[in-house]
Each structure stands twice: as structure tokens, then as C-alpha cells.
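Chemist: got a predicted structure here, sequence first:
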Amino acid sequence: MTNILKPFGRGKVLTEEEVVAQLEGHVVPVVEIPVEQHVVVQPPTDIIVPENLGDIVDFHGYELVKSEYDALTSIAKDYFQNTAEEYFNNVIHPNITIYLSIRNQHVTWLSMGNQNLLKVPVEVGELTELQILFLDYNQITQIENLDNLLELKILYLSDNNIDYDLPHNKQELQKLEDRGVAISR
């Protein structure tokens, strides 16, 4: 998908319709395969056509899925009264403590440690390709909003106010551990 979208320009959000319109100019060869007096038309197997291209946003020079950009925007605005571009600017200023890594148009690493968070932002659950999440050194009391993070491998929760004996926290912790998530508490 990256190779298809890059030629259409950076800095502009492309809707699915715009991308489809761009692609309509390209002829995709088809192969006819007879099956019991019926003809089935199939695209060649070496061409991958994504089902839903979605919107792509240029975020500090990186292509990012718009839904994840929207999640970052909400986190920055709701929790830190800032824009995503200013709050998550380590991609251009590497010494910033709020760390964000983007790979293949998705956020894969997010560090929001030591930010006085009282809870896990709901929007974190929208970063579905997230693999590493730092939420340590906050004031979080409840493990929540992590069910959609199926790619999560490492979760840092140490130095929070989480009571791991509470039934909800026990249950959420067990779900994460059952998925193989390494948890620092």
C-alpha cells in the first residue's frame, strides 16, 4: 500500500475515493479461468489490492493512518491541551520524552510515562498496531482500554496506583498475559 500512495503526494489527506480515482487510470489485467461452462474472472495473484485504503496523513514526514492520527490528536488535546504535532514531536526532536514511533503507516511504539495520567486514554485502544506502550510513572488506577491492542508485546505499568488485587485489574492483566504481553508492574 505504501508504494501505491507515495506518488500521490505528501501533506495531503487522501480519501479512499481520491485514491480509487487515482488508481482507476491503471489497468489491472484479468485472467479468465473456465469452470464448468462458467467463466470466472480473477485478478492475477501477484497484484495486491487492499480492501480499504483509508485516509493517510503526513505526520512530521511519516505516512500515518488517519484514524491513528485522530487518536493522537485527541490524546494531545484532551490530556495535554496541545496539538498532536506539538505534543508528539519526538520524530523531529529526538530528545523529547514523549516518544512515538511510526512504521508502515501505524504507531508501533508509544511512551507516555511520567505524564500524570489518571487513566489509560481511550484513544490508545485505537492504535491497533501498537507493539510497545509505556504508561509507567503516572497516577493510573485501572487497567483499561487495551483490548484492541492485539499486536501489543510489551506494556510498562510500573509506578502507578494500580491495585492488582481488584477483580477488574486482575481480569485485564490476565487477558494481556494470555495474549503473551510482557508486563512491567
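Modeler: Looks like it came in fine.
Chemist: please name the residues that touch the nearest residue to N160 once chain neighbours are set aside.
Modeler: Excluding the flanking residues, the one nearest N160 by Cβ to Cβ, 6 or more residues apart in numbering is I140, at 4.2 Å. All C-beta spots, glycine's among them, are computed from the backbone N, C-alpha and C. Contact criterion Cβ atoms under 8 Å, 6 or more residues apart in numbering gives 117-120, 157, 160-162 as the residues in contact with I140.
Chemist: equivalent analysis for W109, please.
Modeler: If you count contacts by Cβ under 8 Å, 6+ apart, W109 has them with 99-101, 130-133.
Chemist: change it to 6 Å
Modeler: W109 makes contact with 101, 132 under the criterion Cβ atoms under 6 Å, 6 or more residues apart in numbering.
Chemist: need the three-state assignment for it.
Modeler: When classified by DSSP: H, G, I helix; E, B strand; the rest coil, W109 comes out as strand.
Chemist: before we move on, back to that, how about TSV for the contacts of I140, with neighbour count, distance to Y79 and secondary structure added?
Modeler: Formatted as TSV, the entries for those read as follows, by neighbours: other Cβ atoms under 10 Å; distance: Cβ to Cβ, whole Å; DSSP: H, G, I helix; E, B strand; the rest coil:
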residue	neighbour count	distance to Y79	secondary structure
L117	19	7	coil
L118	12	9	coil
K119	16	9	coil
V120	22	11	coil
L157	23	17	coil
N160	21	15	coil
N161	10	17	coil
I162	20	18	coil
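Chemist: biggest separation within the residues you listed, which pair?
Modeler: Across these, the longest distance by Cβ to Cβ is 13.8 Å; it joins L118 and L157.
Chemist: what's Q139 in contact with, if anything?
Modeler: Each residue near Q139 by Cβ under 6 Å, 6+ apart is listed here: 118, 161.
Chemist: what ranges does the protein have for its strands?
Modeler: In chain order, the chain shows strands spanning 31-35, 38-42, 56-59, 62-65, 99-103, 106-111, 132-134, 154-156, 182-184, with DSSP state E as the criterion.
Chemist: all helices of the protein, in order?
Modeler: 2-5, 16-24, 66-80, 84-87, 167-178 (DSSP state H).
Chemist: okay if I get the ones you listed as CSV plus mean pLDDT, distance to D58 and mean neighbour count?
Modeler: Rendered in CSV, the data for the helices of the chain read as follows (pLDDT from 0 to 100; distance: least, Cβ to Cβ, whole Å; neighbours: other Cβ atoms under 10 Å):
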stretch, mean pLDDT, distance to D58, mean neighbour count
helix 2-5, 35, 11, 12
helix 16-24, 55, 14, 13
helix 66-80, 92, 9, 19
helix 84-87, 84, 11, 17
helix 167-178, 96, 33, 13
